[in-house]
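[1] need a structure here:
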Amino acid sequence: MTAAPAGAGPQPPAAGARRYDLPVRRAAGWWLDGGRTVGERMAAEADERGELPLPGNEAAVGERLRRRGWRAAFTVTEMVDDWAWLVGAVERGYDDSVDEYANDLYCRNWLHEAWLLLDDHIVAIRTPRIRELDERFLAATVDDDGLALGRFHGLPHPDLWWWRRHPRVLLGDLGRSLRSAGATGT
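    Below is the predicted model of the structure:
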């Protein structure tokens, strides 16, 4: 993909290009390196290291991510289940601490990183479930560009949109913390 001219705004991926990132919502202007997103940059770096993809081997992806710094060799199923649990908890009203909430968000980071390494077949099988969970998370949260959560935890790159939202239902310790940082909700 060629660099977009200055002021041209975001450019879509080239026709026929593989989409390595999960279906995320990108804000206009969050493009890097001559028009590439963070996911596209990470995919290119993984490709340069000879890490892309790992055909049909979810366990190998978990092990590779463990070697990159994740505390365990998680499986895609574990992380999808963790994301589903968190989405359900946010829908009901997450009431644990802000630190636990931030820790729980990392399961979605793991999925984002894993998608860069998984083959197209696995991505095609798993993406519908993650899209559904992402849509539920979007409905159960408020976009504040990370202002409230950012007061307690460093925010990763904007492509990781789930860090820039907070639960719509603010309960317990998390609710008190986020309200003190200016969050609004019910």
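
[2] on contacts alone, who are the packing partners of the helix of greatest length in the chain?
    Longest helix of the chain, by residue count under DSSP state H: helix 120-140. Here helix 120-140 touches helix 76-92, strand 165-167, going by 3 or more C-beta pairs under 8 Å, 6 or more residues apart in numbering; DSSP states H and E. Every C-beta, even on glycine, is put in place using the N, C-alpha and C of the backbone.

[3] Let me know which of those is tucked in deepest.
    strand 165-167 (a mean of 24; mean count of other C-beta atoms under 10 Å).

[4] So, low pLDDT: which residues of this structure?
    Along the chain, the model assigns pLDDT under 70 to residues 1-56.

[5] Would you format the helices and strands packed on helix 120-140 as JSON lines with distance to residue 145 included?
    Listed next are the helices and strands packed on helix 120-140 as JSON lines, based on distance: least, C-beta to C-beta, whole Å:
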{"stretch": "helix 76-92", "distance to residue 145": "18"}
{"stretch": "strand 165-167", "distance to residue 145": "9"}
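
[6] Now the longest helix of the chain: buried residues?
    122, 123, 126, 130, 133, 134, 136, 137, 140 (16 or more other C-beta atoms under 10 Å).

[7] between these, which is nearest residue 154?
    Nearest to residue 154 out of those is residue 137 (C-beta to C-beta; 20.4 Å).

[8] Please report how far the closest one lies from residue 174.
    In this view, residue 137 and residue 174 are 15 Å apart by C-beta to C-beta, to the nearest Å.

[9] Ok, residue 164 next?
    From residue 164 to residue 174 the distance is 16 Å (C-beta to C-beta).

[10] Looking at those two, which is more packed in?
    Higher neighbour count among residue 164 and residue 174: residue 174, with 27 against 21, using other C-beta atoms under 10 Å.

[11] The more buried one belongs to a helix?
    Yes - assessed by DSSP: H, G, I helix; E, B strand; the rest coil, residue 174 belongs to a helix.

[12] Tell me which residues touch it, please.
    Listed by C-beta atoms under 8 Å, 6 or more residues apart in numbering, the contact partners of residue 174 are 94, 95, 96, 97, 98, 100, 101, 167.

[13] All the strands of the protein, in order from the start?
    141-143, 165-167 (DSSP state E).
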